[in-house]
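> what follows is a predicted protein model with its sequence.
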Amino acid sequence: MAEEDTFQETERMRLLFFTSPDCFACPEVERVIENIAGTSMKGILHVSTIDISENQEIAAQYGIMSVPVIMMNDERIAEGLITEDVIREKLWSQILPNIIEQERDTRRTESMMILTKNTISSIISQELVRKNLGDYVHISVYQQVMMSLLQLDPLIPQLLYQNGRELGIFGAAPYYLTVLNPKVGAVKPEERFQETLLALAQLYSHNPTVPLYHATRCDVSQMDGYNATLRIYELANSAGAINIGETLCHFTAGEIAGTIEAMIGSATSVKETKCKGLGDPYCEFEIEVFLGKEPGKAPYRVLETKLEDRQVQFLGDFPAEDHRRQLFYEFIHETTQHGYNSLKMTEALRPNDVDYVHISALQQQIISLKFKDKFCGALLYSAGRELGVIGPGKDLIYGLLAKEQAELPITSLKQATRIMKEYFTHPTMYLPRAHSFVEIFDGEDEDEMFLRIHECAYSSGANFSAETDMNETLCDFQAGFIAGRLALILKDPPIVTEVKCHGTGHNYCEFRIEKGYSFEEE
């Protein structure tokens, strides 16, 4: 299967960077562009650096009067002395609308079907995917992935909704509903809708038949014809969340919509109206079925909240344009601290249930996004790298540095990788069950190392190469996280690439770590 037959082929995004020798701000902006182009967006951006003093005609053609200026696809997206965060936001704001408009990739369907089979084997037949750890992961791992994605751009919620919807159609949920409530096969459409809602309420409740542990309890709080409301308590997406003035469970909303569409054959729209992220005690989803309308044609709806109406508190003073990102930063820190307390058993994120969720919940969210578009691997990498840089746990890394009497920044890639191994194998890092043991290996020279992770929660059991001609690495988020953690201690930001994965038929995940940028001006 050729790549052009499977991916929505999009030429690399063309980025123009205008500079001049006497520009004091240009070197710093250029360093940021090189970092982005060589790490999280490697292979996506084609960067051309243009010196306006030597290329006056080109500068005049684009109306460049001062520098630095960044253009993407002939549109000016940034100018002046701007931060790395701003540049990343501008780039994703250009890329995401195209991703959202893409048609479904056939490999997404294949990957979801394979994951569905693995999930059913693990849940129903109790055939463990991870023999040493078991098939459950702490919900803080799941939440960190979701929050790191959401903070990247305001369009991410719609992307997650789309992915959830397709998982609802092609994933295991329709099968689970028939197991939980055989009446979902009713002949009359309205009766089938009602039975589907009752089965969904069981699926999102603690039940021994399908122990996914998505949530503690779910009720059908309202039902009127083809309109209904589901109320879900202690949902894994948002259990223990602080009020950030936004709904958080977009993937779940989409999955509910897709599952209903699969069961009744009509377009369905689901909007989350209450959420822990809004300060509510539970999550509530409004469901509207458009009877007879083709599945997938229902409007996307999201609860809009004005900034002035959000009852949120900041831990500091930030410009208005940074409010959303800072709220998610605070949420990530807060959630991780609650998660750590949960792991120590001094606090429960879900007082009425266990604080673990089946790994399929994590894998389905990541892998459905991975195959949405070829840019989505970079999206996951960026989210992981962001978590690696700003997420909690840095005190553990700095403690390991102090133990070795090492000074920042570290210049030895081997030393930095060894510290990463000690970080990943610290006793507290095993508690979330995100992975089992970790190894490191030397590369061909001092600028290359390899880190191998066993029983990685993001991809364990997802061996696509055994049943299809797909041969894809899947742990872009993990690669980004490793890169972000290493960037805290290395002099030059590293490049981390997954080279072996469960998705390529291996029984572990292996990451190549290279020193410095791979940016090359073309």
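Structure's in. What do you need?
> separation between Ser93 and Met449?
35 Å (CB to CB, to the nearest Å). C-beta here means a position set from N, CA and C on the backbone, and glycine is covered the same way.
> out of these two, which sits in the busier spot?
Comparing Ser93 with Met449 by other CB atoms under 10 Å, the one with more neighbours is Met449, at 27 against 15.
> contact partners for the more buried one?
The contact partners of Met449, by CB atoms under 8 Å, 6 or more residues apart in numbering, come to Leu413, Lys414, Thr417, Ile440, Phe441, Asp442, Gly443, Arg512, Ile513.
> now the two most distant members of these.
Taking CB to CB, the two most distant members of those are Lys414 and Arg512; they sit 13.6 Å apart.
> you'd agree Cys501 is up against Asp476?
No: here Cys501 lies out of contact with Asp476, judged by CB atoms under 8 Å, at a distance of 9.9 Å.
> now for the two: what residues contact both?
In contact with both Cys501 and Asp476: no residue, using CB under 8 Å, 6+ apart.
> quick one: the strands in the stretch 401-522 of the chain?
All strands of the stretch 401-522 of the chain, identified by DSSP state E, counting those that start in this stretch, fall at 438-442, 448-453, 495-500, 509-514.
> among these, which comes closest to Leu45?
Closest to Leu45 of the strands of the stretch 401-522 of the chain is strand 495-500 (CB to CB; 14.1 Å).
> Tyr329 belongs to a strand, doesn't it?
No: assignment of Tyr329 by DSSP: H, G, I helix; E, B strand; the rest coil gives helix, placing it outside any strand.
> contacting residues for the residue nearest to Ile495 when sequence neighbours are not counted?
Of all residues beyond its chain neighbours, the one nearest Ile495 is Glu514 (4.4 Å), with distances taken as CB to CB, 6 or more residues apart in numbering. Residues near Glu514 by CB under 8 Å, 6+ apart: Leu413, Asp447, Glu448, Pro494, Ile495, Val496, Thr497.
> are any of these buried, and which?
Taking 16 or more other CB atoms under 10 Å as the criterion, what is buried in the contacts of Glu514 is Leu413, Glu448, Pro494, Ile495, Val496, Thr497.
> can you count the residues close to the nearest residue to Ile244 once chain neighbours are set aside?
The spatial neighbour of Ile244 that comes closest, neighbours along the chain excluded (CB to CB, 6+ apart), is Leu327 at 4.2 Å. The number of residues packed near Leu327 is 23, by other CB under 10 Å.
> Leu327 and Met147, how far apart?
10 Å.
> just to revisit the earlier point, tell me what the residue nearest to Ile495 is bridged to.
Glu448, Ile495 (DSSP bridges).
> need the contacts of Glu514 in JSON lines (columns: pLDDT).
Shown next, in JSON lines, are the contacts of Glu514 (pLDDT from 0 to 100):
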{"residue": "Leu413", "pLDDT": "94"}
{"residue": "Asp447", "pLDDT": "91"}
{"residue": "Glu448", "pLDDT": "94"}
{"residue": "Pro494", "pLDDT": "88"}
{"residue": "Ile495", "pLDDT": "88"}
{"residue": "Val496", "pLDDT": "93"}
{"residue": "Thr497", "pLDDT": "93"}
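> in a markdown table, list those residues along with distance to Lys297.
Putting the contacts of Glu514 into a markdown table (distance: CB to CB, whole Å) gives the following:
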| residue | distance to Lys297 |
| --- | --- |
| Leu413 | 51 |
| Asp447 | 52 |
| Glu448 | 50 |
| Pro494 | 45 |
| Ile495 | 42 |
| Val496 | 40 |
| Thr497 | 39 |
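> closest one to Asp353 out of those residues, please.
Each of these was scored against Asp353 by CB to CB, and Val496 proved nearest at 35.1 Å.
> ok, now which ones touch that closest one?
Going by CB under 8 Å, 6+ apart, Val496 touches Ala479, Gly480, Ile482, Ala483, Leu486, Phe511, Arg512, Ile513, Glu514.
> TSV for the buried ones among the contacts of Glu514, including distance to Thr116?
Listed next are the buried ones among the contacts of Glu514 as TSV, based on distance: CB to CB, whole Å:
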residue	distance to Thr116
Leu413	40
Glu448	38
Pro494	36
Ile495	34
Val496	30
Thr497	29
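> of those residues, which is the nearest to Arg350?
Using CB to CB, Val496 comes nearest to Arg350 of the buried ones among the contacts of Glu514, at 33.0 Å.
> show me what contacts the closest residue to that closest one other than its chain neighbours?
Setting aside the residues directly before and after it, Val496 is nearest to Ala483 in space (CB to CB, 6+ apart), at 4.1 Å. For Ala483, the contact set (CB under 8 Å, 6+ apart) comprises Thr39, Ser40, Tyr381, Gly384, Arg385, Gly388, Pro493, Pro494, Ile495, Val496.
> what's the answer for Gly258, then?
Gly164, Arg165, Glu166, Leu167, Gly168, Ile169, Phe170, Gly171, Ala173, Thr268.
> can you list contacts of the strand or helix carrying the second one?
Think Arg165. Secondary structure assigned from DSSP states H and E places Arg165 in helix 156-170. Outside helix 156-170, the residues within contact range by CB under 8 Å, 6+ apart are 96, 99-100, 104, 108-109, 112-113, 116, 146, 149-150, 173-174, 247, 250-262, 295-296, 300, 302, 364-365, 368-369, 372.
> thought Pro97 was touching Asp153?
No: counting by CB under 8 Å, Asp153 is not a contact partner of Pro97; they are 10.0 Å apart.
> low pLDDT regions in the stretch 401-522 of the chain?
Residue ranges of the stretch 401-522 of the chain with pLDDT under 70: 465-469, 516-522.
> same check, this time on the chain
If you take pLDDT under 70 as the line, the chain has these spans: 1-12, 38-40, 42-43, 99-115, 118, 125, 306-323, 465-469, 516-522.
> tell me the secondary structure at Pro21.
coil.
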